[in-house]
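# Here's my sequence, what's the structure:
(4 chains)
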Protein chains: 2
Amino acid sequence: MRKSKRERQRLLQETIRENPFITDEELAEKFSVSVQTIRLDRLELSIPELRERIKNVARQSFADKVRALPLEEVIGDIIDIEPDASAISIFDVKEEHVFRRTRIARGHHLFAQANSLAVAVIHDELALTAKAAIRFVRQVKEGERVVAKAKVTGKTAHGRTIVEVNSYVGQELVFSGTFEMYRSNIEKKDGDSHEYRG
Amino acid sequence: MRKSKRERQRLLQETIRENPFITDEELAEKFSVSVQTIRLDRLELSIPELRERIKNVARQSFADKVRALPLEEVIGDIIDIEPDASAISIFDVKEEHVFRRTRIARGHHLFAQANSLAVAVIHDELALTAKAAIRFVRQVKEGERVVAKAKVTGKTAHGRTIVEVNSYVGQELVFSGTFEMYRSNIEKKDGDSHEYRG
DNA sequence: TCCGATTTTATGACTAGGTACTAAAAGTAA
DNA sequence: TTACTTTTAGTACCTAGTCATAAAATCGGA
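Residues are numbered from 1 along each chain as shown, chains lettered A, B, ... in the order given. Have a look, this model is predicted:
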């Protein structure tokens, strides 16, 4: 049976919200009305046409992606750095970093912050983590700000650089790690961004 | 000056990758050639038209939205598990896991896979990583499939469980880690998912 | 049952951003 | 100059629409 205008428009909104990729023709078939009726409905409800809807979805995800990618190159914001000596970064634990149930930060984010910082402190073209020994001292909860402090403490016989990273929430130590870093020994150019493996 | 065909096509690919929302007309203007030339270029490079590109971006974000959250609870797909004994997971290294320049996987993804697996293998309500010693044996590139194998190897004096995780690409060892896991000693209920800190 | 209003459908002209195809013009190397 | 590549132009056609006009169908009320 054909529904009333009101009911049809309500369902139309819902249908499009669930699947923005549906054409007017498909909608017309679904509701057993003409394409023109669907267009009138969209006009009344201020629902843009298919192509505009798709563009909106795409734009949103694209904005997210450009924001996400550069951010992920280094986890945490580096706020101070003395090449080959020390560095500090901060990382705010948000919803996307914690477990839904416990609201405790997933460990790999803390690891990633520390690891990124260990890479960044190395004043070299290429810095790679070779080994790491880490300790999760206490849980970090959503909303907390983690401050990671890296210090270059020495070298191994193989020419690798040892970096100690301690992360704090306030005065409390939450994470601690020792990173053994491989380095290419090619001086880093100004403005060139670091990359790392490991 | 107008570039050679090769160079133009290289830049074209880059331009579209960076901004899929650009029309042929805008591209023609940018490269000082006719719209037809741009279309020939796209044909040769198998780059779909604007609308298709936008649709792809939209589709991806639409799919991601449903997939992203539950997937992140455990990094990698667990394909086999024997509680408190061993477990295996696979993780396909995709674009979002690597550095743009080198196409080498970011270390924290390998760490996350291993760590998730170490947590999953523990047959307990609550499993937390207390310590870990890890080694990145060789780089992992985009497109490679990493198979992580976890084995429970012993216990410490404090009742912590030791889990060894080795990750391979084919026969090659790429990552190796020893995880010391804290456990609540409350038996895990069936169907209940694990959570972990650290 | 007829009236008037609402609702639905049809039709035509136009749009962006293309595809597919043909053909000609321009540039380039031997 | 010839032969080939590359670029440009033009036409017909496509989808998924917009906008405007008009006619047909449906419905409630006196």
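# A:Ala148 contacts A:Gln113, correct?
Yes: with contacts defined as Cβ atoms under 8 Å, A:Ala148 counts as touching A:Gln113 at a distance of 5.2 Å. In short, each C-beta sits where N, CA and C put it, glycine included.
# Report the set of residues contacting both of the two.
The contact sets of A:Ala148 and A:Gln113 overlap at A:76, A:89, A:91, A:167 (Cβ atoms under 8 Å, 6 or more residues apart in numbering or on different chains).
# where does chain A dip in pLDDT?
A:1-3, A:63-74, A:186-198 (pLDDT under 70).
# ranges for the strands of it?
A:77-82, A:86-92, A:127-136, A:145-155, A:161-169, A:172-183 (DSSP state E).
# So what are the sheet partners of the last one and their directions?
Translated: strand A:172-183. Sheet pairing of strand A:172-183 (DSSP bridges) gives strand A:127-136 (antiparallel), strand A:161-169 (antiparallel).
# Can you lay out these as JSON lines showing distance to B:Glu14?
Listed next are the strands paired with strand A:172-183 as JSON lines, based on distance: least, Cβ to Cβ, whole Å:
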{"stretch": "strand A:127-136", "distance to B:Glu14": "27"}
{"stretch": "strand A:161-169", "distance to B:Glu14": "35"}
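# wait, which of the ones you listed is closest to B:Glu49?
strand A:127-136 (41.2 Å; Cβ to Cβ).
# Which residues outside that closest one are in contact with it?
By Cβ under 8 Å, 6+ apart, strand A:127-136 touches A:107, A:110-111, A:114-115, A:118-119, A:160, A:174-184, A:194-198, B:107, B:128-136, B:139, B:197-198.
# Ramachandran angles for A:Glu142?
Main-chain dihedrals, A:Glu142, degrees, to the nearest 10: phi -50, psi 140.
# what's the distance between it and A:Arg59?
A:Glu142 sits at a distance of 29 Å from A:Arg59 (criterion: Cβ to Cβ, to the nearest Å).
# repeat for A:Thr129
A:Thr129 is 36 Å from A:Arg59, by Cβ to Cβ.
# Same question for A:Val152.
43 Å.
# ok, now A:Ser89?
Relative to A:Arg59, and taking Cβ to Cβ, A:Ser89 is found at 31 Å.
# who's more crowded, the two?
Remark: of A:Ser89 and A:Arg59, A:Ser89 carries more neighbours, 25 against 15, as counted by other Cβ atoms under 10 Å in any protein chain shown.
# Test my guess that that one contacts A:Gly76.
Yes: contact between A:Ser89 and A:Gly76 holds when scored by Cβ under 8 Å: they sit 3.8 Å apart.
# Quickly list what's touching both of the two.
Contacts common to A:Ser89 and A:Gly76, judged by Cβ under 8 Å, 6+ apart, are A:113, A:116-117, A:148.
# Just the buried ones from the residues you listed, in PyMOL syntax?
Buried members of these, defined by 16 or more other Cβ atoms under 10 Å in any protein chain shown, are picked up in PyMOL with:
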select buried, chain A and resi 113+116+117+148
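# Tell me the one of the shared contacts of A:Ser89 and A:Gly76 nearest DNA strand D?
Nearest to DNA strand D out of the shared contacts of A:Ser89 and A:Gly76 is A:Ser116 (Cβ to the nearest atom of the strand; 42.9 Å).
# so that closest one sits right up against A:Ser89, yeah?
Yes: using Cβ under 8 Å, A:Ser116 makes contact with A:Ser89 at a distance of 7.2 Å.
# Just send the strands of chain A back as JSON lines, with distance to B:Arg51 too.
Below are the strands of chain A laid out as JSON lines (distance: least, Cβ to Cβ, whole Å):
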{"stretch": "strand A:77-82", "distance to B:Arg51": "38"}
{"stretch": "strand A:86-92", "distance to B:Arg51": "39"}
{"stretch": "strand A:127-136", "distance to B:Arg51": "42"}
{"stretch": "strand A:145-155", "distance to B:Arg51": "44"}
{"stretch": "strand A:161-169", "distance to B:Arg51": "47"}
{"stretch": "strand A:172-183", "distance to B:Arg51": "47"}
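# Nearest to DNA strand C among those would be which one?
Nearest of the strands of chain A (Cβ to the nearest atom of the strand): strand A:77-82, 37.7 Å.
# Show me what counts as buried in the closest one.
A:78, A:81.
# Show residues contacting it.
Against strand A:77-82 from outside (Cβ under 8 Å, 6+ apart): A:86-91, A:117, A:120-121.
# Farthest pair within those?
A:Ser86 and A:Phe91 (17.0 Å).
# Get me the contact residues on chain A for DNA strand C.
Contacts of chain A with DNA strand C, taken as Cβ under 7 Å from any atom of the strand, map to A:4-5, A:8, A:33-34, A:36-37, A:40.
# If I follow the layout properly, A:Ser34 ends up in contact with A:Leu27?
No: taking contacts as Cβ under 8 Å, A:Ser34 lies outside contact range of A:Leu27: 10.6 Å.
# Between the two, point out the one with more neighbours.
A:Leu27 (23 against 12).
# Would you check how far apart the more buried one and DNA strand C are?
The gap separating A:Leu27 from DNA strand C is 11 Å, by Cβ to the nearest atom of the strand, to the nearest Å.
# who's in contact with that residue?
Per Cβ under 8 Å, 6+ apart, neighbours of A:Leu27: A:12, A:15-16, A:38.
# just to revisit the earlier point, take the shared contacts of A:Ser89 and A:Gly76 and lay them out in CSV including distance to A:Ile22.
Formatted as CSV, the shared contacts of A:Ser89 and A:Gly76 follow (distance: Cβ to Cβ, whole Å):
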residue, distance to A:Ile22
A:Gln113, 43
A:Ser116, 43
A:Leu117, 47
A:Ala148, 48
